[in-house]
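Asker: Take this sequence and fold it.
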Amino acid sequence: APRSPKPWLHIAEVVADEAARRGLRRIGISGTRWLVDSEVYPAAFDARGLAWLRPSEAERDEIQHAIMDVLVPGLEGPPRETAVACFQRVFAGMKEAGCDAVVLGCTEIPLVMSDANSPLPTLDSTRLLARAALRRSVGAG
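Answerer: You can find the predicted model right below:
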(Lines give C-alpha, C1' and ligand atoms only; values in the text may rest on other atoms or scores of the structure.)
Protein backbone atom coordinates (compact mmCIF):
# COMPACT_ATOMS: atom_id res chain seq x y z
CA ALA A 1 0.00 0.00 0.00
CA PRO A 2 2.72 2.60 0.80
CA ARG A 3 4.30 2.07 -2.64
CA SER A 4 1.06 2.13 -4.61
CA PRO A 5 0.36 5.27 -6.65
CA LYS A 6 -3.35 4.42 -6.42
CA PRO A 7 -5.65 4.21 -3.39
CA TRP A 8 -5.35 0.85 -1.75
CA LEU A 9 -7.76 -1.34 0.18
CA HIS A 10 -6.47 -4.39 2.03
CA ILE A 11 -9.16 -7.02 2.48
CA ALA A 12 -8.02 -8.04 5.98
CA GLU A 13 -7.86 -4.41 7.13
CA VAL A 14 -11.38 -3.79 5.81
CA VAL A 15 -12.64 -6.86 7.71
CA ALA A 16 -10.76 -5.85 10.87
CA ASP A 17 -12.20 -2.33 10.66
CA GLU A 18 -15.72 -3.77 10.38
CA ALA A 19 -15.12 -6.10 13.32
CA ALA A 20 -13.90 -3.19 15.43
CA ARG A 21 -16.83 -1.03 14.28
CA ARG A 22 -19.24 -3.75 15.43
CA GLY A 23 -17.52 -4.00 18.80
CA LEU A 24 -16.38 -7.57 18.23
CA ARG A 25 -13.55 -8.83 20.40
CA ARG A 26 -12.42 -12.29 19.18
CA ILE A 27 -12.69 -13.36 15.55
CA GLY A 28 -12.45 -16.85 14.08
CA ILE A 29 -10.57 -17.12 10.80
CA SER A 30 -11.82 -19.45 8.06
CA GLY A 31 -10.60 -19.95 4.53
CA THR A 32 -8.16 -22.03 2.58
CA ARG A 33 -5.24 -23.50 4.45
CA TRP A 34 -2.94 -20.99 2.70
CA LEU A 35 -4.94 -18.07 4.09
CA VAL A 36 -5.53 -19.51 7.56
CA ASP A 37 -1.85 -20.45 7.96
CA SER A 38 -0.75 -16.95 6.91
CA GLU A 39 -0.45 -13.78 8.97
CA VAL A 40 -2.85 -11.82 6.71
CA TYR A 41 -5.75 -11.68 9.17
CA PRO A 42 -3.80 -12.00 12.44
CA ALA A 43 -1.69 -8.94 11.53
CA ALA A 44 -4.76 -6.84 10.72
CA PHE A 45 -6.56 -7.98 13.88
CA ASP A 46 -3.51 -7.44 16.08
CA ALA A 47 -3.15 -3.89 14.73
CA ARG A 48 -6.67 -3.13 15.98
CA GLY A 49 -6.38 -4.92 19.31
CA LEU A 50 -8.66 -7.77 18.25
CA ALA A 51 -8.11 -11.33 19.41
CA TRP A 52 -8.39 -14.11 16.84
CA LEU A 53 -8.51 -17.89 16.54
CA ARG A 54 -7.47 -20.27 13.79
CA PRO A 55 -9.13 -23.67 13.34
CA SER A 56 -7.19 -26.70 14.54
CA GLU A 57 -4.88 -28.47 12.07
CA ALA A 58 -7.49 -31.18 11.46
CA GLU A 59 -10.21 -28.55 10.95
CA ARG A 60 -7.98 -26.69 8.48
CA ASP A 61 -7.66 -29.90 6.47
CA GLU A 62 -11.45 -30.40 6.52
CA ILE A 63 -12.09 -26.81 5.45
CA GLN A 64 -9.48 -27.05 2.70
CA HIS A 65 -11.22 -30.17 1.38
CA ALA A 66 -14.66 -28.53 1.61
CA ILE A 67 -13.47 -25.49 -0.35
CA MET A 68 -11.20 -27.03 -2.96
CA ASP A 69 -12.90 -30.39 -3.53
CA VAL A 70 -16.57 -29.48 -3.05
CA LEU A 71 -17.27 -25.76 -3.39
CA VAL A 72 -14.78 -24.83 -6.13
CA PRO A 73 -15.96 -27.62 -8.48
CA GLY A 74 -19.58 -26.79 -7.58
CA LEU A 75 -20.62 -30.18 -6.23
CA GLU A 76 -24.20 -30.46 -4.98
CA GLY A 77 -26.13 -32.92 -2.82
CA PRO A 78 -24.40 -34.87 -0.06
CA PRO A 79 -20.91 -33.42 -0.67
CA ARG A 80 -22.24 -29.87 -0.32
CA GLU A 81 -24.29 -30.82 2.75
CA THR A 82 -21.16 -32.33 4.29
CA ALA A 83 -19.25 -29.09 3.59
CA VAL A 84 -21.97 -27.04 5.31
CA ALA A 85 -21.90 -29.39 8.31
CA CYS A 86 -18.11 -29.02 8.47
CA PHE A 87 -18.28 -25.22 8.58
CA GLN A 88 -21.09 -25.31 11.13
CA ARG A 89 -19.14 -27.67 13.38
CA VAL A 90 -15.91 -25.63 13.15
CA PHE A 91 -17.74 -22.34 13.72
CA ALA A 92 -19.60 -23.82 16.71
CA GLY A 93 -16.24 -24.82 18.19
CA MET A 94 -14.97 -21.28 17.66
CA LYS A 95 -18.04 -19.95 19.44
CA GLU A 96 -17.38 -22.29 22.37
CA ALA A 97 -13.77 -21.01 22.41
CA GLY A 98 -15.00 -17.44 22.87
CA CYS A 99 -15.21 -16.07 19.34
CA ASP A 100 -18.02 -13.62 18.71
CA ALA A 101 -17.80 -13.73 14.87
CA VAL A 102 -16.05 -15.60 12.06
CA VAL A 103 -14.40 -14.35 8.89
CA LEU A 104 -15.62 -16.00 5.71
CA GLY A 105 -12.17 -15.52 4.23
CA CYS A 106 -12.68 -17.30 0.93
CA THR A 107 -15.05 -16.32 -1.87
CA GLU A 108 -16.58 -19.81 -1.94
CA ILE A 109 -17.59 -20.02 1.74
CA PRO A 110 -20.49 -17.52 1.41
CA LEU A 111 -21.97 -19.84 -1.22
CA VAL A 112 -22.96 -22.12 1.66
CA MET A 113 -22.56 -20.12 4.89
CA SER A 114 -24.14 -16.90 6.15
CA ASP A 115 -25.62 -15.43 9.30
CA ALA A 116 -28.71 -17.54 8.56
CA ASN A 117 -27.00 -20.91 9.12
CA SER A 118 -23.80 -20.07 11.03
CA PRO A 119 -23.50 -20.50 14.80
CA LEU A 120 -21.54 -17.21 14.78
CA PRO A 121 -22.16 -13.88 13.07
CA THR A 122 -20.19 -13.80 9.83
CA LEU A 123 -17.82 -11.26 8.29
CA ASP A 124 -18.01 -11.91 4.54
CA SER A 125 -14.64 -10.59 3.38
CA THR A 126 -15.59 -10.31 -0.29
CA ARG A 127 -18.76 -8.33 0.36
CA LEU A 128 -17.06 -6.10 2.89
CA LEU A 129 -14.23 -5.32 0.46
CA ALA A 130 -16.68 -4.62 -2.38
CA ARG A 131 -18.67 -2.24 -0.18
CA ALA A 132 -15.50 -0.46 0.97
CA ALA A 133 -14.39 -0.06 -2.64
CA LEU A 134 -17.78 1.36 -3.59
CA ARG A 135 -17.71 3.81 -0.67
CA ARG A 136 -14.21 4.91 -1.61
CA SER A 137 -15.11 5.29 -5.31
CA VAL A 138 -17.98 7.66 -4.50
CA GLY A 139 -15.96 9.55 -1.93
CA ALA A 140 -17.85 8.29 1.11
CA GLY A 141 -14.90 6.80 2.96
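
Asker: show me what contacts the nearest residue in space to Glu108 that is not next to it in sequence?
Answerer: Once flanking residues are discounted, Glu108 sits nearest to Leu71: 3.9 Å by Cβ to Cβ, 6 or more residues apart in numbering. Placement of C-beta: from N, CA and C, glycine included. Residues in contact with Leu71 (Cβ atoms under 8 Å, 6 or more residues apart in numbering) are 80, 83, 108-109, 111-112.

Asker: Please identify the helix or strand for Leu35.
Answerer: Taking DSSP states H and E as the definition, Leu35 sits inside helix 33-37.

Asker: gap between Arg136 and Lys6?
Answerer: Distance of Arg136 to Lys6, given as Cβ to Cβ, to the nearest Å: 11 Å.

Asker: out of the two, which sits in the more crowded spot?
Answerer: Remark: of Arg136 and Lys6, Arg136 carries more neighbours, 13 against 5, as counted by other Cβ atoms under 10 Å.

Asker: Over to the residue lying closest to that one once chain neighbours are set aside. Which of the three states is it?
Answerer: In space, and not counting its chain neighbours, Arg136 is closest to Pro7: 6.1 Å by Cβ to Cβ, 6+ apart. The three-state label given to Pro7 by DSSP: H, G, I helix; E, B strand; the rest coil is coil.

Asker: Secondary structure element holding Val90?
Answerer: Val90 belongs to helix 78-96 when assigned by DSSP H and E.

Asker: Quick one: mean pLDDT over that helix.
Answerer: Mean pLDDT, helix 78-96: 97.

Asker: try stretch 41-55
Answerer: Across stretch 41-55, the average pLDDT comes to 98.

Asker: List the buried residues in the helix holding Val90.
Answerer: 79-80, 83-84, 86-88, 90-91, 93-95 (16 or more other Cβ atoms under 10 Å).

Asker: can you list contacts of it?
Answerer: Contacts to helix 78-96, defined as Cβ under 8 Å, 6+ apart, come from residues 28, 30, 53, 55, 59, 62-63, 66-67, 69-71, 102, 109, 112-113, 117-120.
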